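J.: I'd like to go over a predicted model; first the sequence, then the structure.
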Amino acid sequence: MEAGIPPQWKAQWDQVLLQLRDPFKLRVVTLGAVALLGFFGVYRPMESGIQTLRRDLKAAEQRLATIRQVQQLRATRVKLLESLPEHATLNFWQEHFLSAIRESNVELRTLESLPKKQKVGDLQVFYMEIEADGDYGQIHNLVSSIENGRWFARIIRMHAKGKHGTIQAKMTIAVLVAPDKKSHGA
């Protein structure tokens, strides 16, 4: 008995060495040993680090998505502010719609403003209701000047009915109005 190794173990070891003389079997065993060494020597010790990096990557991707949303909202805000008049008062909007009515040659029946309990930043939402009579071309010109004009105003509701060769149109238009700056004290 050499160095305390039982003879059957030595025989098994010699048998394994004899099998490894075949180049294909040697390659398979070598690849298996390298794979086990890579898994237990490299991957397993780094697995917690990899999980931490994946968690950090997911959090960073969520932050990036949030940043992109904020950038898009800021760009939309700038675009919206560019389409609002500098002094968006109720009088400004009434004058704006009256000039559109004059240009389209419709007959104005009513022009009313209705405050809503909605705010957009510092601005208050108002609904302007316009009732006007005219032919198709005149009503079309009025609607086009409101919807496609320089200033941000949107028709949110419109009813039209024909009567005696004319169209009676009733429109509800949403606009943004700056709050009144009332002086305190004097």
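T.: Good, I have the coordinates.
J.: export the helix or strand containing residue 14 as CSV, just CAs?
T.: For residue 14, the host element (DSSP states H and E) is helix 7-19. C-alpha atoms of helix 7-19 as CSV (Å, rounded to 0.1, in the frame of the first residue of the first chain):
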residue,chain,number,x,y,z
PRO,A,7,-5.4,-0.7,-4.2
GLN,A,8,-9.0,-0.5,-5.7
TRP,A,9,-8.8,3.3,-5.8
LYS,A,10,-5.5,3.1,-7.5
ALA,A,11,-6.9,0.7,-10.1
GLN,A,12,-9.9,3.1,-10.7
TRP,A,13,-7.5,6.0,-11.1
ASP,A,14,-5.4,4.1,-13.6
GLN,A,15,-8.5,3.2,-15.4
VAL,A,16,-9.6,6.9,-15.6
LEU,A,17,-6.1,7.9,-16.9
LEU,A,18,-6.3,5.1,-19.5
GLN,A,19,-9.7,6.5,-20.7
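J.: right, and the helix or strand after it?
T.: With DSSP H and E, the next secondary element past helix 7-19 is helix 23-38.
J.: what's the angle from that next one to helix 7-19?
T.: Compare the direction of helix 23-38 with that of helix 7-19 by axes from the mean of the first three to the mean of the last three C-alpha atoms, to 10 degrees and you get 110 degrees.
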